[in-house]
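*Asks:* Okay, here's the prediction I keep looking at, along with the sequence it came from:
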Amino acid sequence: MGCSSSTDSKRSKSGVLALDAVPGGLLSSHLDQAAAKDTKDLSMIQNKLTTIPQGLGKILTLTSLNCSENLLTELPPDLRLLVNLQTLDASDNKIKKIPDEIGELVSLEKLHLYKNELSGLPDAIGGMSSLTEINAFNNKIIRLPPTIGNLVNLTELNAADNKLKTIPKTDGLTNLTRLALFHNNIVVLPTLASLGKIQKLELYRNQMDSLPALGSFAEMDAFSCAHNRLTKLPDEIPSFVGLEELEASRNMLTEIPETLCALPKLWKLMIASNNISEFPVALCTMPALKTLDLQSNQIVSLPTEMTQCTTLAILLLSGNQITTIPTFLSTDFPAMKRLTIDGNPINWELAENYPTHKAVAKRFEDMKDGRFVGCM
């Protein structure tokens, strides 16, 4: 009595077939095998494929296809026959163009195309109403199709590390929770006010002089607009009541708005390498602030109200214009673990600076896991 191997039996029951790094190469016969087993989840990674062998379109039961980490330059035409496909991972290949036929994959929910050589996405993508996730990170995309705004079920759009200068209108993307556009050439963006469910907005490393109109992003917990040319933070900041992390370093900001200081959950504020000259007293009353990076600004002095920052654990002040070391740095801040003040023009002719510096240094030496970078 014949019997199949335990591996084959397991694959048959689970509907999973792994054809990864097949010795001798992946052949059409392997795909015929997948079709015969009513495979639902097929992986064919690391086969050095430049094209997918014939027969993929026969696996009509397929719901997940992973053909990443190959050398593919295109997707096969019979991909459109996989009407039950929900997840397609074609990342880490050399694909230059996505065919319009991909629009026939009406059940597709997740589309991963990162680390390819795409210059754009097809207009047909706007008809794929089931899509919840598009990851096109690290391509050469210069344009997103206007139809992308039709994807009302989309929750994540990652078009970071491309060559975009703008994006189409986003009015229909009302369920988006993450928008990643960092490391592009973006100069201007359309209004993003309709993204009412956004949680993570990543706009850093672009070329924007100003931010677009934003909405009342009450659910947003992380916002990064660092490495741009911004002269002010968004007016909508008071509505970001769920914000926990804000990164706005390497811009042209001249002040920190007091409205930001009222955010109840903000624990990480990174605002280094700007033109800020005054430490706002309102910062001292932020109830959750743990990390504050103000390096490489123009701050001259620290207010005594800073002693109210009882939650502050990391304070980075390197490269400012501080001339006097406040004594409270050696006594207050019960949660403090890291402090940097190097690169400031400390006036050592003032008698109090030397003993204060020594006292601060001693405090951190006696502290477990403490770190102090001073001026001596």
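*Replies:* Received it, and whenever you're ready, just let me know what you need.
*Asks:* Going by C-alpha atoms from here, please, whenever you check contacts or count neighbours.
*Replies:* Fine.
*Asks:* Would you mind measuring from the residue lying closest to N251 once chain neighbours are set aside to R250?
*Replies:* Nearest residue to N251 in three dimensions, chain neighbours excluded: R229, at 4.8 Å (CA to CA, 6 or more residues apart in numbering). To R250, R229 is 8 Å away according to CA to CA, to the nearest Å.
*Asks:* backbone phi and psi for the nearest residue to G172 once chain neighbours are set aside, please?
*Replies:* Nearest residue to G172 in three dimensions, chain neighbours excluded: G149, at 5.0 Å (CA to CA, 6+ apart). Note on G149: backbone dihedrals following degrees, to the nearest 10 are phi -70, psi -10.
*Asks:* ok, now how distant is G149 from D20?
*Replies:* 36 Å.
*Asks:* L339 falls within a strand, correct?
*Replies:* Yes: L339 forms part of a strand when assessed by DSSP: H, G, I helix; E, B strand; the rest coil.
*Asks:* For the residue nearest to G172, the count of nearby residues, please.
*Replies:* By the measure other CA atoms under 10 Å, the count of residues near G149 is 18.
*Asks:* which ones are touching the residue nearest to L176 when sequence neighbours are not counted?
*Replies:* Nearest residue to L176 in three dimensions, chain neighbours excluded: T155, at 3.9 Å (CA to CA, 6+ apart). For T155, the contact set (CA atoms under 8 Å, 6 or more residues apart in numbering) comprises T132, E133, L173, N175, L176, T177, R178.
*Asks:* go with 7 Å
*Replies:* By CA atoms under 7 Å, 6 or more residues apart in numbering, the contact set of T155 is T132, E133, N175, L176, T177, R178.
*Asks:* Name the member of those with the most neighbours.
*Replies:* L176 leads these on contacts (other CA under 10 Å) with 24 neighbours.
*Asks:* where's it relative to L131, distance?
*Replies:* Taking CA to CA, one finds L176 at 11 Å from L131.
*Asks:* Mutual contacts of those two, please.
*Replies:* Joint contacts of L176 and L131 (CA under 7 Å, 6+ apart) are L154.
*Asks:* Just put the contacts of T155 in TSV and tack on secondary structure, distance to C375 and pLDDT.
*Replies:* What follows is the contacts of T155, written out as TSV (DSSP: H, G, I helix; E, B strand; the rest coil; distance: CA to CA, whole Å; pLDDT from 0 to 100):
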residue	secondary structure	distance to C375	pLDDT
T132	coil	51	98
E133	strand	49	98
N175	coil	49	98
L176	coil	46	98
T177	coil	44	98
R178	strand	41	98
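*Asks:* Report whether F364 is found in a helix, as I expect.
*Replies:* Yes: assessed by three-state DSSP, F364 belongs to a helix.
*Asks:* what's the nearest residue to it if we skip its chain neighbours?
*Replies:* In space, F364 is closest to G370, 5.1 Å off (CA to CA, 6+ apart).
*Asks:* Tell me how many other residues crowd L316.
*Replies:* When neighbours are counted by other CA under 10 Å, L316 comes out with 20.
*Asks:* Hmm, it is touching K290, no?
*Replies:* No: L316 is beyond contact range of K290, at 11.3 Å (criterion: CA atoms under 7 Å).
*Asks:* coming back round to it: nearest to K115, out of the contacts of T155: which one, please.
*Replies:* E133 (15.9 Å; CA to CA).
*Asks:* so that closest one bridges to which residues?
*Replies:* With DSSP bridges applied, the residues forming beta bridges to E133 are K110, E156.
*Asks:* quick one: contacts for it?
*Replies:* With contact set as CA under 7 Å, 6+ apart, E133 has these partners: E109, K110, L111, L154, T155, E156, L157.
*Asks:* just the helices in the stretch 251-376 of the chain please.
*Replies:* Here the stretch 251-376 of the chain has its helices, by DSSP state H, counting those that start in this stretch, at 353-365.
*Asks:* Tell me the buried residues in stretch 166-183?
*Replies:* Residues of stretch 166-183 classed as buried by neighbour count (16 or more other CA atoms under 10 Å): 166-167, 169-183.
*Asks:* In contact with the residue nearest to S224 when sequence neighbours are not counted, which residues are there?
*Replies:* Distance criterion CA to CA, 6+ apart; nearest residue to S224, sequence neighbours excluded, is E247 at 4.6 Å. Contact analysis of E247 by CA under 7 Å, 6+ apart lists F223, S224, C225, A226, L269, M270, I271.
*Asks:* any low-confidence regions in this structure?
*Replies:* 1-13 (pLDDT under 70).
*Asks:* how about 90 then?
*Replies:* The chain contains residues with pLDDT under 90 at 1-14, 350-351, 368, 375-376.
*Asks:* Number of residues surrounding W348?
*Replies:* W348 has 12 nearby residues by other CA under 10 Å.
*Asks:* got it, and K368?
*Replies:* K368 has 8 neighbours, counted by other CA under 10 Å.
*Asks:* residues touching it, list them.
*Replies:* With contact set as CA under 7 Å, 6+ apart, K368 has no partners.
*Asks:* how near is it to T340?
*Replies:* Distance from K368 to T340, by CA to CA: 17 Å.
*Asks:* Then G126?
*Replies:* As judged by CA to CA, G126 and T340 stand 50 Å apart.
*Asks:* again with P145
*Replies:* Relative to T340, P145 is positioned 46 Å away (criterion: CA to CA).
*Asks:* Kindly report the same for I322.
*Replies:* 12 Å.
*Asks:* just K358 next, same as before
*Replies:* Here K358 is placed at a distance of 14 Å from T340 (CA to CA).
*Asks:* now swap in N275 and tell me
*Replies:* Per CA to CA, N275 is found 19 Å from T340.
*Asks:* Great, nothing more from me.
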